[in-house]
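Peer 1: generate a structure from the sequence data that follows.
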Amino acid sequence: MKTKILFILTLPPPIHGASLMGKYIQESKSITNEFDCTFINSQTSKDLKDIGKGFFKKAIVILKLNFKIFYVLMFNKFDFCYLTLTSNGPGFYKDLLIILILKLFRKKIIYHFHNKGVHKYNSTKINNLLYEFALKNSKSILLSPNLFIDIKKYVAEENVYYCANGIPEINYEIKEKASSANKLLFFSNMMKLKGVYVLLEACNILKNKGVDFHCDFVGDFLDIDKNTFNKKIKENCLTNHVFVHGAKFGDEKHYFYQQADIFVLPTLNDCFPLVLLEAMQFSLPIISTNEGGIPDIITQNETGIIIEKNNAKALANKIEYLINNPKIKNEMGNLGRKKYSNNYTLPFFEKKLITILNLKKTIN
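Peer 2: Down below sits the predicted model:
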């Protein structure tokens with residue numbers, strides 16, 4: 001008989017790394033053919049801007065979610081439960097209610113972390129106790145060995161599995177670029193923690209040095225105000241260099257990747273950004289930071305360049321270096337494409353996850 005698993009995971013909307021991976025798992029024929037799967041969507045927000053807001057309305061949604069989980073557990077016998085666990089903040093406290101129900105039914109749990117923050121938020125006595133309760137006698141899946149430090153206080157390494165994310169392969173044609181300028185691409189939510197202002201400052205440095213470039217910012221505005229950002233562009237005389245496009249999806253999204261020469265993500269807080277895998281798929285060299293699992297994704301000076309966080313000068317220097325060395329830039333992009341094909345495709349992710357969920361010690 002097939003192993004029976006209750007998958008409690010986040011699904012779009014909103015679209016972010018964890019919800020996309022949840023969608024891929026739910027729609028995976030490989031996974032659903034291998035196991036007897038029941039899926040429950042634990043998402044309680046329909047928009048990224050709503051996360052952490054609307055307490056009373058969300059409380060009702062959370063109660064309904066927990067009742068559904070309780071009901072499913074009452075009338076089904078599962079070998080174990082898979083839970084996409086939020087590592088900190090309000091999302092962690094919401095997930096604690098789910099964990100409480102799972103432990104009430106004495107269910108074995110394997111957590112899949114798509115974010116980090118346990119190490120940062122366990123400083124208070126109450127949070128420390130809550131993490132001990134949640135992670136005791138459980139298994140965990142991390143996206144990178146670099147992320148183990150986040151949970152090592154509560155989980156022994158023999159109870160941890162590593163499974164890098166993967167994304168679907170896109171068939172695309174190489175199109176002629178619309179302009180001859182060196183095109184930089186930032187593709188993520190417009191948030192301070194994504195390093196948006198660091199990149200804008202780097203653009204100002206490049207402009208003052210007379211470097212010919214064109215930088216596209218693509219993403220939904222969250223904690224950055226669009227009007228304020230556009231005002232900063234004008235104040236720094238960057239209107240001929242920096243362009244803001246808002247959120248893009250599907251073919252429009254792919255168009256920006258196709259037109260780009262260098263992908264830039266100077267993030268200040270991240271785990272395993274899917275946009276880096278997308279950039280590699282489009283053969284783009286990447287400049288990003290030493291953050292989360294990014295050093296696993298980027299092979300330093302081979303598929304891209306890793307810089308220290310919050311350093312606009314270093315970022316500008318590395319962008320200028322790649323612009324001035326097109327052969328190296330193109331070689332990095334090609335090596336990145338090979339690394340994506342060998343490590344970060346969706347079938348590779350599915351195979352790895354199936355292997356982990358089939359391991360006998362996972363359910364013992």
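Peer 1: got the end-to-end distance for stretch 116-129?
Peer 2: 18 Å (Cα to Cα, to the nearest Å).
Peer 1: whoops, I mixed them up, stretch 201-221
Peer 2: Using Cα to Cα, one end of stretch 201-221 lies 18 Å from the other.
Peer 1: for this structure, what helix or strand is lowest in average pLDDT?
Peer 2: Here the helix or strand of the chain ranked lowest by mean pLDDT, DSSP states H and E is helix 360-363, holding a mean of 54.
Peer 1: next SSE after the lengthiest helix in the chain?
Peer 2: Assignment by DSSP state H gives helix 55-75 as the longest helix of the chain. Counting by DSSP states H and E, the element after helix 55-75 in chain order, helix or strand, is strand 80-85.
Peer 1: just give me how far that following strand sits from the chain centre.
Peer 2: How far strand 80-85 lies from its chain's middle: 18 Å, per Cα atoms, centre = their mean, to the nearest Å.
Peer 1: and what of stretch 234-242?
Peer 2: The answer for stretch 234-242 is 30 Å, by Cα atoms, centre = their mean.
Peer 1: okay, buried residues for it please.
Peer 2: The neighbour-count check on stretch 234-242 (16 or more other Cβ atoms under 10 Å) flags 236, 238, 241, 242 as buried. From N, CA and C alone the C-beta is placed, and that goes for glycine too.
Peer 1: elements contacting the host helix or strand of residue 253?
Peer 2: Assessed by DSSP H and E, residue 253 sits inside helix 250-259. On a contact count with 3 or more Cβ pairs under 8 Å, 6 or more residues apart in numbering; DSSP states H and E, helix 250-259 meets strand 182-187, strand 213-218, helix 274-281.
Peer 1: can you show me the helices along the stretch 1-150 of the chain?
Peer 2: 17-27, 29-34, 55-75, 89-104, 118-121, 125-135 (DSSP state H, counting those that start in this stretch).
Peer 1: and of these, who's closest to residue 6?
Peer 2: Distance to residue 6, taken as Cβ to Cβ, is lowest for helix 55-75 among the helices of the stretch 1-150 of the chain, at 6.7 Å.
Peer 1: a markdown table for the buried residues of stretch 234-242, including pLDDT and distance to residue 319?
Peer 2: Output for the buried residues of stretch 234-242, formatted as a markdown table (pLDDT from 0 to 100; distance: Cβ to Cβ, whole Å):
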| residue | pLDDT | distance to residue 319 |
| --- | --- | --- |
| 236 | 97 | 16 |
| 238 | 98 | 14 |
| 241 | 97 | 12 |
| 242 | 98 | 13 |
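Peer 1: residue 98: which of these is nearest?
Peer 2: Using Cβ to Cβ, those come closest to residue 98 at residue 242, 42.9 Å.
Peer 1: tell me what that closest one is bridged to.
Peer 2: residue 215 (DSSP bridges).
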